[in-house]
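1. Turn this into a structure:
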Amino acid sequence: MLTRFFLVALLALLCEGGVFAYSYRDLLGLRQTRELTTPSEQAEFVQYAEQALARPKVTRAHLELIAARAQTLGNKTLEIRALDACATLDPNDVQLTLRRADAARRAGDLRRAELLYADVLRRTGRRAQ
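-> Below is the predicted model of the structure:
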């Protein structure tokens with residue numbers, strides 16, 4: 001009787017783990033991507049990142065990972081999307097706003113970068129000299 005209980009509990013645990021792994025395969029895949037040296041690894045990362053950004057809830061750690069790896073790949077659009085998603089989680093983070101402004105500047109969106117830099121100056125009480 002006790003053996004049957006443990007077997008059923010183990011089976012339930014395995015099923016739950018399988019459902020979890022399937023449901024969160026994009027977020028788990030982000031952590032498993034390596035150095036992103038081959039085009040297939042890069043494409044796989046972009047696919048996982050796109051799926052993660054489409055989620056209604058994602059942690060800041062995952063968003064930071066996406067932004068950092070997208071910057072390494074030179075994927076400015078993906079980097080900006082991840083940083084903007086971080087900003088929705090913590091809109092008062094001045095360092096994050098500076099990173100967003102820098103990413104916009106590198107992407108060539110100078111108007112947006114200027115607005116973000118002005119926002120940092122306004123929030124920190126500093127004036128442009």
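2. Does Glu16 lie in a helix or a strand, and which?
-> Assigning secondary structure by DSSP states H and E places Glu16 in helix 2-23.
3. I'd like to know which elements that helix is packed against.
-> Taking 3 or more C-beta pairs under 8 Å, 6 or more residues apart in numbering; DSSP states H and E as contact, there are no helices or strands that helix 2-23 lies on. Backbone N, C-alpha and C define where each C-beta goes, glycine included.
4. let's go with 10 Å and repeat that
-> Counting contacts by 3 or more C-beta pairs under 10 Å, 6 or more residues apart in numbering; DSSP states H and E, helix 2-23 is packed against helix 25-32.
5. list the buried ones in the helix or strand immediately after the helix it packs on in the chain?
-> Going down the chain from helix 25-32, the next helix or strand is helix 39-53, by DSSP H and E. Neighbour-count burial for helix 39-53, counted by 16 or more other C-beta atoms under 10 Å, picks out 42, 44-46, 48-49, 52-53.
6. Before I go, just wanted to say thanks for your time.
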